[in-house]
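*Asks:* sequence and predicted structure below; questions after.
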Number of protein chains: 2
Amino acid sequence: MNTLAYGLLGLVARTPSSGYDLMLQLQPYWQAKHSQIYPLLAKLEQEGYMQFTRVHQTDRPDKKVYSITEKGEIALKLWLAEPPAEPVTRDEMVLKAYCLQLTDAKSARALFTSRIEQCKEHMQMYEHVMQEMEQQSDGHPNDPNHPAFSDYILLSWGVRRMKEDVKWCEWVLELLEKRKD
Amino acid sequence: MNTLAYGLLGLVARTPSSGYDLMLQLQPYWQAKHSQIYPLLAKLEQEGYMQFTRVHQTDRPDKKVYSITEKGEIALKLWLAEPPAEPVTRDEMVLKAYCLQLTDAKSARALFTSRIEQCKEHMQMYEHVMQEMEQQSDGHPNDPNHPAFSDYILLSWGVRRMKEDVKWCEWVLELLEKRKD
DNA sequence: GGTCCCATGTAACACGTTACATGATTAC
DNA sequence: GTAATCATGTAACGTGTTACATGGGACC
């Protein structure tokens, strides 16, 4: 049982889904390809954490819809009660920023303007989804009892982080103005 | 040539160092164990991106001090000119937050209080190093011509992020007050 | 005497990505 | 026709972690 396994367990606990669907749902929160997900689902099913039913579709290929078992729910709740592991971030940008002195001023600036663009793209995506949520008439998602509460807070985290990263990049760009080459 | 290889190249370009030293220097920016670094350094040396000289020490074991070659510098500068890849973050916290509805209110709150503690610890470390930098008498590191400029901006990024994450956790904790169980 | 730091390496395993493989339906 | 989406899987490879292996010096 690794983190990806618990992530999948968490998704199917909310809504029974196919492997393909889980892959898409998981993307924003944990990057994993279908080639990693399918074998893991098979393993989780064999070990009794999940079960699946084959669902026939006429317009599309048939699918296996996975749902959580009692054993899976117990394991999931035990995992949830443990404090979260420290995040692991692998950002090429950090390594490149560390080498600023080795580049010309132009490349140095480009590093931060590129990152600003990346951040803004993500921010717009997040904000768009949040706005759609807020416009639904089933209550506001900032209510912790709303079913989309967790989605809402994670999106707002994304927006906050992107905003802060943009601010930082702009601050660095300002400092870089004073650079002599 | 992968990202870790360029990271090592960037470090030795600034200061020729041993594998052990590179491992320690790299830790804050890219997590890698010595078992990954030593073979990679050997490969980079064989392919002509780096060279090493054996340095004898009396009180400690001898070491191999790696420095960058011309070929290495060219490769490094080409890499620096490319826009940075999108960061990859793997944070268990995100997956756990997604499952908030499945836990009791107590575990839900614990998730965010634990994260606040983690953030504050990091923040204090970063701030401590920054303060030490500022107290050195060789100019202020927020000058882009200062040799520690890149270290300084990366530390300040760390502090900013940690502060923002704490704020977000506190915001979520406030919202969670209204939860009915 | 035990533990920590320095210093370098290999081996086995776990995790993640890319590529290979198949095949139907929908949209341009 | 050609590309995209849905749907599931395997194989090969690259990356990252844990464990094994060695050995001297410093410190308590």
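*Replies:* In hand now; what should we look at?
*Asks:* enumerate the residues of chain A near DNA strand D.
*Replies:* Counting by Cβ under 7 Å from any atom of the strand, chain A comes close to DNA strand D at A:18-21, A:24, A:34-35, A:38-39, A:41-42, A:57, A:60-64, A:88, A:90. For every residue, glycine as well, the C-beta is placed using N, CA and C.
*Asks:* so of these, which ones are in helices?
*Replies:* Taking DSSP state H as the definition of helices, the residues of chain A next to DNA strand D contribute A:Gly19, A:Tyr20, A:Asp21, A:Leu24, A:His34, A:Ser35, A:Tyr38, A:Pro39, A:Leu41, A:Ala42.
*Asks:* how about the nearest residue to the residue nearest the centre of chain A, chain neighbours excluded?
*Replies:* Residue closest to the average C-alpha location in chain A (Cα atoms, centre = their mean): A:Tyr29, at 1.7 Å. Leaving out its chain neighbours, the residue that sits closest to A:Tyr29 by Cβ to Cβ, 6 or more residues apart in numbering or on different chains is B:Val94, at 4.8 Å.
*Asks:* state the distance from A:Leu80 to chain B.
*Replies:* 5 Å (Cβ to the nearest Cβ, to the nearest Å).
*Asks:* let me know the secondary structure of that residue.
*Replies:* Secondary structure, DSSP: H, G, I helix; E, B strand; the rest coil: A:Leu80 is helix.
*Asks:* what number of residues lie near it?
*Replies:* 22 (other Cβ atoms under 10 Å in any protein chain shown).
*Asks:* need the contact list for it.
*Replies:* B:Lys96, B:Cys99, B:Leu102, B:Thr103, B:Ser107, B:Leu111 (Cβ atoms under 8 Å, 6 or more residues apart in numbering or on different chains).
*Asks:* could you dump those into CSV and include neighbour count?
*Replies:* Listed next are those as CSV, based on neighbours: other Cβ atoms under 10 Å in any protein chain shown:
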residue, neighbour count
B:Lys96, 30
B:Cys99, 23
B:Leu102, 19
B:Thr103, 18
B:Ser107, 16
B:Leu111, 24
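*Asks:* looking at the residues you listed, which are in helices?
*Replies:* Going by DSSP H, the helices hold B:Lys96, B:Ser107, B:Leu111 from the contacts of A:Leu80.
*Asks:* for DNA strand D, see how far away the residue lying closest to the second one once chain neighbours are set aside is.
*Replies:* With Cβ to Cβ, 6+ apart as the criterion, B:Ser107 has its nearest non-adjacent residue at 5.0 Å, and that residue is A:Ala81. As judged by Cβ to the nearest atom of the strand, to the nearest Å, A:Ala81 and DNA strand D stand 21 Å apart.
*Asks:* dump the residue contacts of A:Ala81.
*Replies:* Taking Cβ under 8 Å, 6+ apart as the test, what A:Ala81 contacts is B:Thr103, B:Ser107, B:Ala110.
*Asks:* got a list of contacts for stretch A:111-127?
*Replies:* For stretch A:111-127, contacts defined as Cβ under 8 Å, 6+ apart pick out A:93, A:96-97, A:100, A:155-156, A:158-159, A:162-163, A:165-166, A:169-170, A:172-173, A:176, B:80, B:83-84, B:86.
*Asks:* again, but for stretch A:146-156
*Replies:* By Cβ under 8 Å, 6+ apart, the residues outside stretch A:146-156 that reach it are A:28-29, A:126, A:129-130, A:133, A:138-143, B:94, B:97-101, B:168, B:171-172, B:175.
*Asks:* I only care about those that end up buried; give me the PyMOL line for that.
*Replies:* Of the contacts of stretch A:146-156, the buried ones go into a single PyMOL selection, burial set by 16 or more other Cβ atoms under 10 Å in any protein chain shown:
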select buried, (chain A and resi 28+29+126+129+130+133+141+142) or (chain B and resi 94+97+98+99+100+101+168+171+172)
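*Asks:* just the ones in helices from the contacts of stretch A:146-156, please.
*Replies:* Checking the contacts of stretch A:146-156 against DSSP H, those in helices are A:Tyr126, A:Val129, A:Met130, A:Met133, B:Val94, B:Ala97, B:Tyr98, B:Trp168, B:Trp171, B:Val172, B:Leu175.
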